[in-house]
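Asks: My questions are about this predicted structure, shown below with the sequence.
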Amino acid sequence: MGERLELGRLVYTVFETQWLSQLGEGPSARVPQHRFFLVRLSVTNSSGRQVIAPGIRLEDDAGNQYPELNDGDRVPMWTGFLRPLKPRQTLQGNVVFDAPPQHYRLRVTDETEERAAFVDIPLTFGADTPPLPLPEREEKRK
């Protein structure tokens, strides 16, 4: 993650990931079948003409694939599902998946979807776990 990946006219950079058990709060919260997996990335059109950034997939170690969700309801900074990019335009935000937590590779393609490359996504839960409060220190009384 963090490296630039050039495929055809598109340049991808993956910044961070986040596992979520729901999107939103309360009774109207959106709940996944497995877990929501947000991937914050940027896609740049390096060409002089408009292109559409194609859909992205997760692939696990067994070769199972999970397509990105086409519904961004309650996803912060959602990139959208259809991503037309003007010449030299960069789009940055989150794509979202519904997948079981495990190690993945993110499969990205060029604008024609003929060439593909993978970005290794290690399994981490740091962004999903709220920090625990530190125990209060009791002052010794004399």
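Replies: That came through, no problem.
Asks: Which element, helix or strand, includes the residue minimising distance to the centre of the chain?
Replies: Residue closest to the average C-alpha location in the chain (Cα atoms, centre = their mean): residue 39, at 1.3 Å. Under the criterion of DSSP states H and E, residue 39 resides in strand 35-45.
Asks: Show the contacting residues for residue 96.
Replies: Counting by Cβ atoms under 8 Å, 6 or more residues apart in numbering, residue 96 makes contact with 36-39, 68-69, 72, 75, 78. To be clear about C-beta, it is placed using only N, CA and C from the backbone, and glycine gets the same treatment.
Asks: helix/strand/coil for it?
Replies: strand (DSSP: H, G, I helix; E, B strand; the rest coil).
Asks: and the end-to-end length of stretch 12-32?
Replies: 26 Å (Cα to Cα, to the nearest Å).
Asks: which stretches of this protein have low pLDDT?
Replies: 1, 125-142 (pLDDT under 70).
Asks: follow-up on the earlier one: run through the bridge partners of the residue nearest to the centre of the chain.
Replies: residue 17, residue 95 (DSSP bridges).
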